[in-house]
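Participant: quick one, what's the 3D model for this:
(one chain, ligands or ions: 1)
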Amino acid sequence: MQINCERLKANLLELSRIGYNEDDRGVYRPGFSDADMQARSWLQDKAKAAGYETYMDGAGNVFFGRGDRNKPTVLMGSHIDSVPAGGIFDGTLGVIAALEVMQTLDENDVQSETPIWAVATAEEEGRFGGMFGAQAIAGKLNPDWVLSAHDADEVYLKDAMSAQGLDAMAALDAAWRPEQLKAFLELHIEQGPVLFQDNLQIGVVDGISGVFKWIVHLKGKADHAGTAPMDKRSDAFMGLADFAHEIDRIIAENGTDKTRITVGKVELKPGNPHTVPGEAVFTIVGRDMDEEVMKELANACNKTLSAIARRHHLRFEYEQSSWLGPKPCSKPISDLIEKQVKKRGYSFTRMPSGAGHDTQFLSEITEAGLIFIPSVNGVSHAPDEWSHWHDVEAGTNVLLDTVQELLDD
Ligand SMILES: [Zn+2]
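Facilitator: You can find the predicted model right below:
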C-alpha cells in the first residue's frame, strides 16, 4: 500500500496559501487569528468532501475521522497554527498526512472495528503559551490559566477566542478519557539538522527532552572603565565569559550526547561602553532526555558559577523559572514504528526531540509515538523551511503502516 504523494502535496500547498505573505514568503497563522480559523474551516471542508465526520471542540481543535470515539481510537495529528513568518510543513504535515492515510486506507478497502480519527490541534506554537489544544485533550487546563493567558500584545486568549465565536471556558470540556484512546501518532518535520546532515530518511523519536531554564545574576561593581585598574575590578561580564567556556566541560563531565546547554539572552548593566559591567543577567537553558542527568547538569552549573563568582569577586544568584521533565514516547509504539521503517527499507535513527510537540501532552493519556522526517539544512520556523517530497512520502508511508498495524492488533 502506498500513499498518494501528489494528492498530499496538493493539499499541503493549498493549505500553505492561507495566511501566506507574498513579501517575506512566510505563513502567518498565529493561534485564533482569522487565518488560523480560515485554515480550520478549510480543513473541515476537505475532510467532509473526503467523506469523513468532522467537528471542532471547545478548544478549537478540529477533528475528522470515522467510528465511535467512545471505543479505543487510533488518533493521528499535529497542529495547523504557525509562528509568524513560519514555514509550510511545521505541524501541517502531520495533519495533512493523517488525512492522506485515512484516504489511502479507504481506497484500499482496509476495514476495521477500531475508530480512526485525526486532529489539528489549536495554538500549538505559543501565541498564548502553546500546546493549548493538546493540553485541552489531555485534560491539563484549569480555569485560572484559561482566563489569565494572554499574548505578547496583551490580547487575552478568552478575547481572541470570543472574537472567533468560541468560548474559552469550553476548552475545559475538551478532555478525552484515556480509555477513548488506543494510541496517538504524530508525523512532524525534525526542525533540526540531524537527519538531513546524516542523510537519513526517518527519525523514530524516543521522547521529548526535558528542559530547565535559569535566570542568572552575577553582581560585581560598576566602575569607570578608565580609572579602575584591571586587577581591582569586579567585572560581571568576565564571570559570564568564563562560564561560557565551561559549558563544554560541564557537558563532558555530567551530560550525555543528548545534552544541550545554551546561554541565549544576556544583559549587561549598566550597559555603557565606558563602564565596567557591574551586573550580568543571563539565561541558561539546559536539556536532556534523563531527569537525573538534568539534575547533575544543574548542580554542575551551580558549582561552576559559584567558583567563577569567587574568582572574580562577584555575587552569584539564580532563579529557576522552569523545570520540565523529559516526556518519553511509548516504547512499544516507537518499536512498532521502527519495524515499519525497516520493512520499507528506509534509513533511520532513534533520536530525542529537542523541541516540544503535541505528542508530549498526548503521551500523558495514551501510548504516543512521534515520527520525524528531515528538514533541509535543519531550518524551521522560517519561510525557508523545507522538506523534500520523497521524504514527506516516506514519512507518510511509515505513518500509514503503523496505523494499519495498530488497527490489526
Ligand atoms: Zn510543530
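Participant: list the residues that contact the closest residue to Leu15 other than its chain neighbours.
Facilitator: Using C-beta to C-beta, 6 or more residues apart in numbering and skipping residues adjacent in sequence, the residue nearest Leu15 is Thr92, 5.6 Å away. C-betas here are computed from N, CA, C, even on glycine. Thr92 makes contact with 12, 15-16, 78-80, 82, according to C-beta atoms under 8 Å, 6 or more residues apart in numbering.
Participant: can I get those residues in JSON lines with secondary structure, neighbour count and pLDDT?
Facilitator: Converted to JSON lines, these look like this (DSSP: H, G, I helix; E, B strand; the rest coil; neighbours: other C-beta atoms under 10 Å; pLDDT from 0 to 100):
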{"residue": "Leu12", "secondary structure": "helix", "neighbour count": "20", "pLDDT": "98"}
{"residue": "Leu15", "secondary structure": "helix", "neighbour count": "22", "pLDDT": "98"}
{"residue": "Ser16", "secondary structure": "helix", "neighbour count": "19", "pLDDT": "98"}
{"residue": "Ser78", "secondary structure": "strand", "neighbour count": "28", "pLDDT": "98"}
{"residue": "His79", "secondary structure": "strand", "neighbour count": "30", "pLDDT": "98"}
{"residue": "Ile80", "secondary structure": "coil", "neighbour count": "30", "pLDDT": "98"}
{"residue": "Ser82", "secondary structure": "coil", "neighbour count": "30", "pLDDT": "97"}
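Participant: for those, could you give me CSV that also reports distance to the ion?
Facilitator: Below are the contacts of Thr92 laid out as CSV (distance: C-beta to the ion, whole Å):
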residue, distance to the ion
Leu12, 14
Leu15, 14
Ser16, 14
Ser78, 6
His79, 6
Ile80, 10
Ser82, 9
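Participant: re the thing from before, now do the residue nearest to Leu15, the pLDDT please.
Facilitator: We note a pLDDT of 98 for Thr92 in this prediction.
Participant: and it, how far from the ion?
Facilitator: 9 Å (C-beta to the ion, to the nearest Å).
Participant: how about Tyr346?
Facilitator: Relative to the ion, Tyr346 is positioned 22 Å away (C-beta to the ion).
Participant: and for Tyr20?
Facilitator: Taken as C-beta to the ion, the span from Tyr20 to the ion is 17 Å.
Participant: surely that residue and Arg29 touch.
Facilitator: No. Checked against C-beta atoms under 8 Å, the pair Tyr20 and Arg29 is beyond contact range at 9.2 Å.
Participant: how much space between the residue nearest in space to the middle of the chain and Asp24?
Facilitator: The residue lying closest to the centre of the chain (C-alpha atoms, centre = their mean) is Gly356, at 2.8 Å. Counting by C-beta to C-beta, to the nearest Å, the gap from Gly356 to Asp24 is 25 Å.
Participant: contact residues of this protein facing the ion?
Facilitator: 90-91 (C-beta under 5 Å from the ion).
Participant: how does it look with 8 Å?
Facilitator: With C-beta under 8 Å from the ion as the criterion, the chain meets the ion at residues 78-79, 90-91, 94, 124-125, 188-189, 191, 355, 357-358, 380.
Participant: out of everything not next to it in sequence, what's closest to the residue nearest to the centre of the chain?
Facilitator: Sequence neighbours aside, Ile208 is the residue nearest to Gly356 in space, at 6.1 Å (criterion: C-beta to C-beta, 6+ apart).
Participant: and that neighbour, how close does it get to the ion?
Facilitator: For Ile208 relative to the ion (C-beta to the ion), the value is 12 Å.
Participant: and the gap between that residue and Ala225?
Facilitator: 45 Å.
Participant: now do Lys269
Facilitator: Using C-beta to C-beta, one obtains 14 Å as the distance from Lys269 to Ala225.
Participant: what of Gly264?
Facilitator: Relative to Ala225, and taking C-beta to C-beta, Gly264 is found at 27 Å.
Participant: looking at the two, which is more packed in?
Facilitator: Ala225 (14 against 9; other C-beta atoms under 10 Å).
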